[in-house]
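Q: Sequence and predicted structure below; questions after.
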Amino acid sequence: MNIYYIVLVFFLTAKISFGQNLDKVDSITSKYKINFYTSPKRIAKRINRDFESELEKARAIYTFIALNIEYNRRAERFIFKYKNRNKQRRKLRKRKEYIARYTLKQGIAVCEGYSILFKHLADIMGLECQIVTGRSKGNKTDLGKLPSINHSWNEIKIDGKWYLIDVTWGSGFVNNNKYTPSYNDFYFQTDPIKFYLSHHPTDGNKIHSTYTDSQFKMMPLYSSYFLSSEMELVFPEIGEINLEGEEIKIGVRGEVGDFYYNYGISKAGQKIQVSYDGDVMLLKIPTPKDQSKYLNIYHNRQHIVTFLIIRKK
């Protein structure tokens, strides 16, 4: 038997088994419920009882939080004062323990609560984990500028290797200031190449992050649908489109389908006629006749990317 065939079969079998194991973890963890008396130690104890491997435990933490904690900007924000470094460390440790308990009891959080609770549960179970603060691009108003430090997520070590986790974005999404629960496992062990198209760490905890502030500032706004797909934006390479001529050209590689566009409206609009240059799909879009600021592109009516329109003065 061909050695390549044997290796391929082994790889595919391992991949299917890996997915099935995580599906089983999700199924078991989805039955966990929280109430006012739920404590981090009680949840950690249950996860330790139900699962053995580091991967399963990390996934159980992720799924449990994503399914049970809702994003809510009214969640309490925590500020404290300190006189010296020792008091700062003590207060910071107590503050994080309090936030973890508060998040579980109230069932709501912003990204701080999500990431602190994830790390707190990981710490109890002996998993090496850290919190990363940084910037994220999740709104069209972030285009063309470097967002403020507005987000936090986690890095966790599983079987000796560090992985990226964003349980906030994995729990659902916010549109027009309304949170919609929508479990998404794309943000568990996310490929760094994809992750850093929407996340930009501000401290030294960077796994394979090579983008500068200037590069992140100029990135388009990518959707989770796009990032979790096999699609790749070939051009333009930045998030700003300077209007020249009668049409805008965009190159996409990957999944074939129907493409649509609109200028700033929330729903997919006009269908785009697609041509090909090798394996690159060429999208040609007429320039707007009005003063629209944003160009949205959709694939099978799912939003994939938004650009900022720049007009000559």
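A: The structure has been received and is ready for your questions. Residues are numbered from 1 along each chain as shown.

Q: so how far is A268 from I28?
A: Per C-beta to C-beta, to the nearest Å, I28 is found 37 Å from A268. Placement of C-beta: from N, CA and C, glycine included.

Q: remind me which residues of the chain are low pLDDT?
A: 1-20, 75-92, 203-208, 313 (pLDDT under 70).

Q: what domains does the record give for it?
A: 3-212, 232-310 (automatic domain parsing).

Q: want to try CSV for the ones you listed, with mean neighbour count as columns?
A: Below are the domains of the chain laid out as CSV (neighbours: other C-beta atoms under 10 Å):
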stretch, mean neighbour count
domain 3-212, 17
domain 232-310, 16
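
Q: list the contacts for S182?
A: S182 makes contact with 171-173 under the criterion C-beta atoms under 8 Å, 6 or more residues apart in numbering.

Q: cool, A58 as well?
A: Applying C-beta under 8 Å, 6+ apart to A58 gives the contacts 122, 127, 156, 158, 163, 165, 188.

Q: The residue lying closest to S171 once chain neighbours are set aside: what secondary structure?
A: Spatially, and ignoring its direct neighbours in sequence, S171 is nearest to A66 (4.2 Å; C-beta to C-beta, 6 or more residues apart in numbering). The local conformation at A66, judged by DSSP: H, G, I helix; E, B strand; the rest coil, is helix.

Q: Wait, N150 touches T133, no?
A: No. The criterion here is C-beta atoms under 8 Å, and N150 misses it with T133 at 9.2 Å.

Q: thinking again about what came up before, so can I have a markdown table of the domains of the chain showing distance to Y225?
A: Output for the domains of the chain, formatted as a markdown table (distance: least, C-beta to C-beta, whole Å):
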| stretch | distance to Y225 |
| --- | --- |
| domain 3-212 | 9 |
| domain 232-310 | 5 |
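
Q: related to what we said a few turns ago, could you tell me which of the contacts of S182 belong to strands?
A: Using DSSP state E, the subset of those located in strands is 172-173.

Q: Adding distance to Y263, write the contacts of S182 out as CSV.
A: Below are the contacts of S182 laid out as CSV (distance: C-beta to C-beta, whole Å):
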residue, distance to Y263
S171, 31
G172, 27
F173, 22
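
Q: Not counting sequence-adjacent ones, nearest residue to K96?
A: I116 (5.1 Å).

Q: That neighbour contacts I131, correct?
A: Yes. Assessed by C-beta under 8 Å, I116 is found in contact with I131 at 6.7 Å.

Q: before we move on, the earlier item: among the contacts of S182, which one sits closest to N262?
A: Lowest distance from N262 to the contacts of S182 (C-beta to C-beta) belongs to F173, with 19.0 Å.

Q: Leaving aside the residues adjacent along the chain, what's closest to L283?
A: Nearest to L283 is I250, by C-beta to C-beta, 6+ apart, at 4.3 Å.

Q: what about that neighbour, distance to H303?
A: Taking C-beta to C-beta as the measure, I250 falls 14 Å from H303.

Q: I'd like the secondary structure assignment at K57, please.
A: Judged by three-state DSSP, the three-state class of K57 is helix.

Q: quick one: it from K249, how far?
A: To K249, K57 is 48 Å away according to C-beta to C-beta.
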